[in-house]
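Colleague: Dropping a prediction and its sequence here:
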Protein chains: 4
Amino acid sequence: MPDFNAVLATLEQELGWQRELYKDFHRQPELSLQEHATARAIEDRLTGWGYAVQRIGGTGVVGVLENGTGVCVLARADIDALPVTEATGLDYASTATGTDSDGSTVGVMHACGHDMHITALLGAAKLLADQRGAWSGTYIALFQPAEETAAGARAMLDDGLAAKVPRPDVALAQHVMATEAGTIGTTAGPILSAGDSIRITVHGRGAHGSMPHNSVDPVVLAASIVLRLQTIVSRETMPGEFAVVTVGASNAGSKPNIIADRAVLLLNIRTYDTELRGRVIAAIERIVRGECAAAGSPREPEFEYYDQYPLTTNDAAANAKVTGAFTAHFGNGVVYHAAPQTASEDFSRVPDAFGVPYVYWVVGSVPRDVYRDAVEQGTVAQDIPANHSPFFAPAIDPTLGVATQAHVVAALAYLAKGK
Amino acid sequence: MPDFNAVLATLEQELGWQRELYKDFHRQPELSLQEHATARAIEDRLTGWGYAVQRIGGTGVVGVLENGTGVCVLARADIDALPVTEATGLDYASTATGTDSDGSTVGVMHACGHDMHITALLGAAKLLADQRGAWSGTYIALFQPAEETAAGARAMLDDGLAAKVPRPDVALAQHVMATEAGTIGTTAGPILSAGDSIRITVHGRGAHGSMPHNSVDPVVLAASIVLRLQTIVSRETMPGEFAVVTVGASNAGSKPNIIADRAVLLLNIRTYDTELRGRVIAAIERIVRGECAAAGSPREPEFEYYDQYPLTTNDAAANAKVTGAFTAHFGNGVVYHAAPQTASEDFSRVPDAFGVPYVYWVVGSVPRDVYRDAVEQGTVAQDIPANHSPFFAPAIDPTLGVATQAHVVAALAYLAKGK
Amino acid sequence: MPDFNAVLATLEQELGWQRELYKDFHRQPELSLQEHATARAIEDRLTGWGYAVQRIGGTGVVGVLENGTGVCVLARADIDALPVTEATGLDYASTATGTDSDGSTVGVMHACGHDMHITALLGAAKLLADQRGAWSGTYIALFQPAEETAAGARAMLDDGLAAKVPRPDVALAQHVMATEAGTIGTTAGPILSAGDSIRITVHGRGAHGSMPHNSVDPVVLAASIVLRLQTIVSRETMPGEFAVVTVGASNAGSKPNIIADRAVLLLNIRTYDTELRGRVIAAIERIVRGECAAAGSPREPEFEYYDQYPLTTNDAAANAKVTGAFTAHFGNGVVYHAAPQTASEDFSRVPDAFGVPYVYWVVGSVPRDVYRDAVEQGTVAQDIPANHSPFFAPAIDPTLGVATQAHVVAALAYLAKGK
Amino acid sequence: MPDFNAVLATLEQELGWQRELYKDFHRQPELSLQEHATARAIEDRLTGWGYAVQRIGGTGVVGVLENGTGVCVLARADIDALPVTEATGLDYASTATGTDSDGSTVGVMHACGHDMHITALLGAAKLLADQRGAWSGTYIALFQPAEETAAGARAMLDDGLAAKVPRPDVALAQHVMATEAGTIGTTAGPILSAGDSIRITVHGRGAHGSMPHNSVDPVVLAASIVLRLQTIVSRETMPGEFAVVTVGASNAGSKPNIIADRAVLLLNIRTYDTELRGRVIAAIERIVRGECAAAGSPREPEFEYYDQYPLTTNDAAANAKVTGAFTAHFGNGVVYHAAPQTASEDFSRVPDAFGVPYVYWVVGSVPRDVYRDAVEQGTVAQDIPANHSPFFAPAIDPTLGVATQAHVVAALAYLAKGK
């Protein structure tokens, strides 16, 4: 095992500025593809530490540190925030607002912990830059915009990422989760599901609310569709197979006495299997078309697919290498085997574009006592605010330290001299 | 029968300015309780013709013309427009926008024909003012705001209407409908249903879209309620009994991958029977509470009742008197027996406040050929834009002339000398 | 008005044997098209009284009494019983069993009062036969089998009824109802709805209950159809228009852990309008096909139409004549204006085959005090056993007397001398 | 590894009578707890081979062969058939009928392969009895009735099984499946789910089909429940967690024009987790009660739990021992890692009563070519008749030979001398 401590010697000192920077990012979150101030803050630091820095994909930032012969490691952090109005009551809570994709003004919050991702990767980038003698090869610190809308990785690739940076041998990324702070979860194989969003518009015929016989009622049509969609998971999916079909939004009409002429459903699908994903989508279309026929709908329904997230599957060998390094460094009781998560990510587009293996791990963020009490009392779901909650509030310590070390250790598993 | 023609002699001349005024009102519609310019235009004219004019209930306008001994007739027109974006393509189409009750900017349109009601009543008011020698008694021309929100009649009454004008002996009102222009429909007894709106909020528990097991899904709950509500009419109401339960709006969620924490349903109910109305409302509450229990909803549902419209029931004797006058004046083929309508009105609050009888009739507005073709081909529902449609476009002629005459004739049935 | 009392002079004496005969019929009910003993009992009596008697349509019996010149009146009674196990506790209650159309053994009961119909018409036939001097013309007493299955009138017509009896000028029929005994309800125009039954078979794919993904679940499919069918009345029928769509039976599967391969729905439809009936049936087929498509059903659904009942519409002039006679004979407080009933009958096929007018009226059968108490307390639906209930128990008096008189009086309205 | 071949030397010879006996059992299947002839046939053979034979639990048969010192192995086969009418067309197909639990006459078939289980275990019992020199210890061959109704294991235990036979050290059982013949699937941990059946009766109020307003319609209530129950798996269960909620039967009403007064639902539940099982059952009760409340149901619903199957979880060490023996004996390509099955069994009640480990494995029965073709073409679900299908037809060869060997090999893993 490499000597991680050579590189981590000044960790406590770095955590000083990291904590303040984390609070700054938390106070000033920016929505997807609008991460202008965030990108500048990252650029400035990377440049200062000697990285060759490029803007790629608008608000994407990549710093490359070439440090002699050896393999090339790419580490990625996502940097965008969510249209959520913060309710944590923290003294560094966000009061920012932004303009959402539909033009509305919304509260903005780092409710998914990307501020932690940025700060930890910046810390690792600084440590590696400061201790170039301890390792050899190339380190790429990649800060990606717009993970929340599944647009950021693609934007960087569309802007030529693959041609603008050295081809990595492995890619690394991490995510803070509402689990016990101080722990790291890894797994070989699938760790995050594929995700798809669908906007379905079904058509009725509008009428005065008192004249239903002149209408094709889209509220009733949408209700029938929503209930029927439940059967894709309950009846059409093999018991125990992972599939989620969520109708996150179902909206029709705005007045009690006007029957509207359409309903709009927003669906989100999660699967761990490409073939199953295809079957689920086919079932959705079949059900929606059948229900429209049953309703006498005057026009074909419309399906718009968007926010499509790829499957995230850790390479077995790379995961073993990184997990081994984590275990060697952190000791017992920290690294555990993570179950596949129901969430999705667009990180894998980057290594997939290069055709290289990757490892994605999760880092806990809830104070140990709080978490263990909730587990004991069976109240995790109610009491522990999860990612995307307006109450999501990672404990800065030990989370930031662990996350910073994790990036250093995982990189050194590939880059350390004399391992 | 009175000599209606003495008063109607200058009708063609009046129709000249009425047509232009109608187009002006149509171009410049105003939302409920915001009818400021409309009210001023009415005031100016009534004042000019010698009426004693008062503002009552904000944008309500009442003109009283005392013309010797005799009975007192109150004629009412409603004056507000709807949050509908006009799509008629008429050269006098509205391009106006307004601020809806929820703060949003909306297109505004006289999509219910109130512009026709105003202009016809103004025409009648002028004709009666010009020919005071032909009649004796008191004529009250009442222009009521906010019929569309069921708030206007109550606003005028709350502002002291009953004390500010002479007590009428009878009240009259009319409505343009998407039936054959040149016809008038009357009936004794119920002609418009009672109407109630209910805002129902049901509570779920929000969660990430990929974690339905942490949620109580309000989209599914709302869908179950919508389908179950259908059974109130299909199973709980005696076949042939008039009841409408429309869920005009069902809205929950705004993102595909976020399970929301509530759904809001806007219901509209129509009945012709107070006891049945009570049973329908009880059934709605029972079903919503039962479905919330089935869902494991964490909070009681909330019911907010609003936009409550009274039953409109024509007095048999007054209807016979007015119908007789219409038949005498218009001749055969114009006046028909109208079936009870599924719509509602707040007009009856005014005569009910005085405890006096009233007559409400309907006036056709679709060119005869167009209407008869649609009837023949069974395409009325699809081809004839009804009230509240963005395509609703009354034929100015003969509609305006018939509606003006109807007000004159109905009034003279009570006021004409020597009848 | 004719002198009804000349013919009714011996009514009390006839009621003596009628009461016993009624109890006999009640004790020995026979299912549709199996009314062998019943038909023989009718034949014997009619023959004894001088009627020319024929068997028509298997268990149908027609007696013709030609009595000089004049018009011809046909009076009809239906004679079959129901597959219902009697629960009245009467000392003359039925304990009979029979073989239902599906081969099963069932309790049999005159749960619809046809025993009263037979006995009253026999009484009238005897009175008219005994008093031939009081009237002139032809009286046809027709006893029809299988009203409950809509097969009996057609069976008699198929067997040549129209050629085997004189053409009547008017046809008469009555029905006992669970309303106040001693009253008679009449109306011009529609009095009974058209009725249709549909057997719908929808196809799934069977599988072990633990392997839903291998199935197309017919239980879920049937449930979706049942809920969607509610919208035909709630949304597709004009409010206040009479339409009933009842799914009387929905059956699928027999074991908890076996997913069946089909579901069978039995529907009953009631309408008062041929065009609406067509729309309702089209909507049912549209909904079932749409839901099967949504389910991915492997085979087209099957629709079998049966038990089709025609509309029963009283001729206005004939109804006025008969109602007038009733009012003259029974005096005030007996004859009332009946609202259209939700039930159906096949009686009208007979006059329709001849192209002649008919009158159908209803006769109350619940003791006055019992009925009025239930009305007062709003408990009619719960407390008064209606037709087809195992507790249905007409009060013999005064029901039998009133029903016998009604047939005599209605016939004499056409046949009495010197009216 | 022990020398399995010493015991299996005469396998081919045994298979001669085994094939004929298998066909006999297949021709003469007997329903649960009615396996009288089957039990006698087993008894006779075991007795003949020197086993100490007892009847336990009515039609349960246990043969004990004490053969010196050593561990005690219990091997179990289930012996009952199903109420399925065979449709295989085999020349040894069953034409038997029986009386089902509801009194009806039904076709009877070994549609689950228990005839194979009996014959294979008898073959193993004979081989072990013939070659007592090759092993030492005690062998218990247990033939259990009524697996299909979850009643047989309990019946044997209730009849004192635990006191009547030596305490085993390990228990063994196998099941033929519709997978590739010649293969054996094993796994440590859960291999069969827990299963529960529930009979739910919900109450409406009956009425004539034309008078829905007098009813509480149980058909609509049942439909609402069926659709709502889908959400237990689709929304309340963690994605990827194994849970099945099948409504195998939903029955209400028998006539189109009679609204029934109740509906009966038969549910089957499968889970791999006791806590989840509890949550699923609680959700079912909550949903049914909520829907009954929504319907205005006049009586509380009734829940009857029956056919409850325990979880089947292989002991890791015992499974490793047996799997190792299988691999050693059968060589490569035969033994595979089986995924948990969705089916259930009551076998585990027996070892659980003794508190000893057990191993349960599955044996393929579909000719290799047929199976591989279906896999290749993705038509396994449609083309390969599974257990409980009227077309289920295990290939006698090589299935019977493999299943016989499997019992011998697994037993010898514990009993063989000098291993």
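Modeller: Yes, it's here. Residues are numbered from 1 along each chain as shown, chains lettered A, B, ... in the order given.

Colleague: hey, where'd the helices end up in the stretch 151-300 of chain A?
Modeller: Assigned by DSSP state H, counting those that start in this stretch, the stretch 151-300 of chain A shows helices spanning A:152-158, A:161-164, A:218-234, A:274-295.

Colleague: Out of the ones you listed, which is the most enclosed?
Modeller: Burial among the helices of the stretch 151-300 of chain A, expressed as mean neighbours by mean count of other CB atoms under 10 Å in any protein chain shown, is greatest for helix A:218-234, which shows a mean of 27. The way it works is simple: take the backbone N, C-alpha and C, and place the C-beta from them, glycine included.

Colleague: In chain A, what helix or strand scores lowest on average pLDDT?
Modeller: In chain A, no helix or strand scores lower on mean pLDDT, DSSP states H and E than helix A:380-383, which sits at a mean of 79.

Colleague: For chain B, tell me whether it is touching it.
Modeller: Yes: with CB under 8 Å from any CB of the partner chain as the measure, helix A:380-383 is seen reaching chain B through residue A:381.

Colleague: Can you check the pLDDT for the most centrally placed residue in chain A?
Modeller: Here the mean C-alpha position of chain A is nearest to the C-alpha of residue A:345 (CA atoms, centre = their mean), at a distance of 4.4 Å. Confidence per residue is given as pLDDT, and for residue A:345 that number is 93.

Colleague: picking up where we left off before, can you pull the buried residues of the least confident helix or strand of chain A?
Modeller: In terms of neighbour count (16 or more other CB atoms under 10 Å in any protein chain shown), helix A:380-383 has its buried residues at residue A:380.

Colleague: Which residues of the stretch 151-300 of chain A lie near chain C?
Modeller: With CB under 8 Å from any CB as the criterion, the stretch 151-300 of chain A meets chain C at residues A:210-213, A:215, A:217, A:220, A:224, A:227-228, A:231, A:234-239, A:241, A:283, A:286-287, A:289-296.

Colleague: let's see 6 Å
Modeller: Where proximity means CB under 6 Å from any CB of the partner chain, the interface of the stretch 151-300 of chain A facing chain C comprises A:212-213, A:217, A:220, A:228, A:231, A:235-238, A:286-287, A:290-291, A:293-294, A:296.

Colleague: Give me the domain ranges for chain A.
Modeller: Per automatic domain parsing, the domain ranges recorded for chain A read A:4-192+A:311-415, A:194-308.

Colleague: Do you have the strands of the stretch 301-419 of chain A handy? List them.
Modeller: Read by DSSP state E, counting those that start in this stretch, the stretch 301-419 of chain A holds these strands, from start to end of the chain: A:302-309, A:312-314, A:335-337, A:358-366.

Colleague: Nearest to chain C, out of those?
Modeller: Using CB to the nearest CB as the measure, strand A:302-309 is the one of the strands of the stretch 301-419 of chain A that comes nearest chain C, at 15.1 Å.

Colleague: Same list as before, the strands of the stretch 301-419 of chain A that is, but in TSV and with mean pLDDT, distance to chain D and mean neighbour count included.
Modeller: Shown next, in TSV, are those (pLDDT from 0 to 100; distance: least, CB to the nearest CB, whole Å; neighbours: other CB atoms under 10 Å in any protein chain shown):
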stretch	mean pLDDT	distance to chain D	mean neighbour count
strand A:302-309	93	15	16
strand A:312-314	95	15	24
strand A:335-337	93	15	15
strand A:358-366	97	17	25
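
Colleague: To residue B:376, which of those lies closest?
Modeller: strand A:302-309 (34.4 Å; CB to CB).

Colleague: Pairing partners for the closest one, with directions?
Modeller: strand A:194-203 (antiparallel) (DSSP bridges).

Colleague: which residues sit against the strand it pairs with?
Modeller: Applying CB atoms under 6 Å, 6 or more residues apart in numbering or on different chains, the external contacts of strand A:194-203 come out as A:221, A:262-271, A:277, A:288, A:292, A:297-299, A:301-309, A:311, A:344, B:256.

Colleague: Please identify the deepest-packed of the domains of chain A.
Modeller: Of all these, domain A:194-308 has the most neighbours on average by mean count of other CB under 10 Å, namely a mean of 22.

Colleague: Could you work out the end-to-end span of that domain for me?
Modeller: Across domain A:194-308, the terminal residues are separated by 8 Å (CA to CA, to the nearest Å).

Colleague: just for chain A, where's the confidence low?
Modeller: In the prediction, chain A carries residues with pLDDT under 70 at positions A:419.

Colleague: Chain D contacts on that one?
Modeller: Listed as neighbours of chain D in chain A under the rule CB under 6 Å from any CB: A:227, A:230-231, A:233-234, A:239-240, A:242, A:244, A:342.

Colleague: Now with 7 Å, please.
Modeller: Where chain A comes near chain D, counting by CB under 7 Å from any CB of the partner chain, the residues are A:227, A:230-231, A:233-234, A:239-240, A:242-244, A:270, A:342.

Colleague: Among those, which pair sits farthest apart?
Modeller: Taking CB to CB as the measure, these span a maximum distance of 23.1 Å, between A:227 and A:240.

Colleague: quick one, what contacts residue A:338?
Modeller: With contacts defined as CB atoms under 7 Å, 6 or more residues apart in numbering or on different chains, residue A:338 is in contact with A:185-187, A:191, A:362.

Colleague: Among these, which one sits closest to chain B?
Modeller: Proximity of these to chain B, judged by CB to the nearest CB, is greatest for residue A:191, which lies at 13.2 Å.

Colleague: Isn't the closest one up against residue A:339?
Modeller: No: applying CB atoms under 7 Å as the test, residue A:191 and residue A:339 come out as separate, 8.7 Å apart.

Colleague: Starting from the strand or helix carrying residue A:77, tell me the next helix or strand along the chain.
Modeller: Counting by DSSP states H and E, the element that carries residue A:77 is strand A:72-78. Along the chain past strand A:72-78, the next helix or strand (assigned with DSSP H and E) turns out to be strand A:97-99.

Colleague: who does that next one pair up with?
Modeller: strand A:105-107 (antiparallel).

Colleague: what bridges to residue A:250?
Modeller: For residue A:250, the residues forming beta bridges with it (DSSP bridges) are residue A:265, residue B:252.

Colleague: Could you pull up the residues touching it?
Modeller: A:222, A:226, A:263, A:265, B:219, B:222, B:250, B:252-253.

Colleague: quick one: which of those residues is nearest to residue B:84?
Modeller: In terms of CB to CB, no member of these lies closer to residue B:84 than residue A:263, at 18.8 Å.
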